[in-house]
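# Take a look and give me a structure for this.
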Amino acid sequence: MKNYDEFLSRAVASLQSYFDSHPQGPGAGIRIGIRDVEKLQGESYRGLTLGYPSSRVGASINPGPYFAMYLQGLPLEEALDRLLQDVLPILKSPGWTSSPVSFTYEDCRDRLMLELVPRKGNEEQLRSLPWREVADLALIVRVDFGGIGDSRASAVVNHSLLSLFGVSQEKLFEDALETASRTIPLTIRPMSEILTEMSSPFLNLAGGGHIPLFVATNSRGFMGASVLAYPGFGPEASRILQDDFYIIPSSIHEVLLLPAGSFPCIPILPAIVKNVNAEQVSPEDRLSDNVYFYSRALGRIACALVPGEEDHKNTACGQAPAGSSKGSTEEDAEDPLIIF
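You can find the predicted model right below:
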């Protein structure tokens, strides 16, 4: 069997058989299906969904890695068992310990978190989401289900889920910014303090610690580039750095801050960022090839000037402090599941 769709069908049958035969275990009553899952950052795939019949919430599973194991010689039953063992912790995570999953806005408001993603390459997916403009990036909202092993489960708030919540885009972002900045607050630390904790491919910019780089992220270090949109980010960062500063997009999880007066070779920064992204940052974690600049006088983030281009071309994507609301006005109400 070399056909992926056939592997998916076998996976559905195997998982459903397990859950049906364990009515007291995690996943009792879960139904499994196959669907195309649209994800940001080029991570869309055809995979499995797990959901309770009475709930609009579902978990998405990408069986691609298990199919690859099978193609490389792992027996089919063993590949399917590995898939099952990785699915079971998801069903024990917050929000899945009882059936059906409750998904009212009141239940979710204190679980809202933010993610900053590039607009370029995500245009199609962003059509179905409420989002805000931050320079040439897009700020989106997720509902956090908590940790699962080394990762976290979360659902992107699309127009279908926003309709279910019954709140406006403005209210969603107002609450998400308040919740995220309170529950996973901004952290800014000198690179010299965290060299042993961090494996950023941009570390070579630090020149052994002689250039005063700072790392900005959230307290969780997960999707922490979104702190660029936090209320008060710019003033707080400039207070710590005592200068205007450049923002180097290390990944969707953190950004590096460079005091404007401390690095003599600003024109080479965009080339460095583009090269490191292409060679060392995985596509799903990549934020931007651009370098950004925060001006204390203007109080906003803008794309930094690239040599040879006019000022207006590079500052047109500047961010007002609260960001601009964007997103399609169409609702994807035909989607029966809110997938995380």
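
# need the helices for the stretch 51-200 of the chain, in chain order.
64-71, 76-91, 105-108, 123-126, 159-165, 169-183, 191-194 (DSSP state H, counting those that start in this stretch).

# Quick one: closest of the ones you listed to residue 298.
helix 169-183 (20.5 Å; Cβ to Cβ). Yep, even glycine has a C-beta here, placed from its N, CA and C like the rest.

# Determine the set of other helices and strands touching the closest one.
strand 112-118, strand 130-134, strand 137-148, helix 159-165, strand 324-327 (3 or more Cβ pairs under 8 Å, 6 or more residues apart in numbering; DSSP states H and E).

# And the contacts of it?
Residues outside helix 169-183 that contact it (Cβ atoms under 8 Å, 6 or more residues apart in numbering): 109-114, 130, 132, 139, 141, 157, 162, 165, 167, 218, 226, 229-231, 323, 325, 327.

# Can you give me the neighbour number for residue 82?
Residue 82 has 15 neighbours, counted by other Cβ atoms under 10 Å.

# wouldn't it be in contact with residue 66 here?
Yes: under the criterion of Cβ atoms under 8 Å, residue 82 makes contact with residue 66 at 6.0 Å.

# Can you spell out the domain ranges of the chain, please?
Domains of the chain are assigned by automatic domain parsing as 4-101, 105-184, 186-318.

# Please identify which of the helices and strands packed on helix 169-183 is closest to residue 259.
strand 130-134 (21.1 Å).

# Could I get the average pLDDT for that closest one?
Averaging pLDDT along strand 130-134 gives 94.

# for this structure, which spans come out with low pLDDT?
By pLDDT under 70, the weakly predicted segments of the chain are 1, 27, 36-44, 54-58, 92-102, 146-153, 194-210, 263-266, 305-340.

# Without its sequence neighbours, what residue ends up closest to the residue nearest the centre of it?
The residue lying closest to the centre of the chain (Cα atoms, centre = their mean) is residue 115, at 4.6 Å. Among residues not flanking residue 115 along the chain, residue 223 sits closest, at 4.6 Å (Cβ to Cβ, 6 or more residues apart in numbering).

# Test my guess that the one you found contacts residue 116.
Yes: using Cβ under 8 Å, residue 223 is in contact with residue 116, at 7.4 Å.

# any shared contact partners between the two?
What both residue 223 and residue 116 touch, as defined by Cβ under 8 Å, 6+ apart, is the set residue 252.

# what sits against residue 217?
Contact partners of residue 217, counting by Cβ under 8 Å, 6+ apart, are 187, 224-225, 227, 253-255.

# Now it: which helix or strand?
Using DSSP states H and E, residue 217 maps to strand 214-218.

# Tell me how far residue 76 lies from residue 82.
Counting by Cβ to Cβ, to the nearest Å, the gap from residue 76 to residue 82 is 11 Å.

# excluding its backbone neighbours, what's nearest residue 25?
residue 19 (7.6 Å).

# The one you found in helix, strand or coil?
With DSSP: H, G, I helix; E, B strand; the rest coil as the basis, residue 19 sits in helix.

# so it touches residue 13, yeah?
No: the criterion here is Cβ under 8 Å, and residue 19 misses it with residue 13 at 11.3 Å.

# Compare the two (neighbour count), which wins?
Using other Cβ under 10 Å as the criterion, residue 19 and residue 13 rank with residue 19 on top: 21 against 12.
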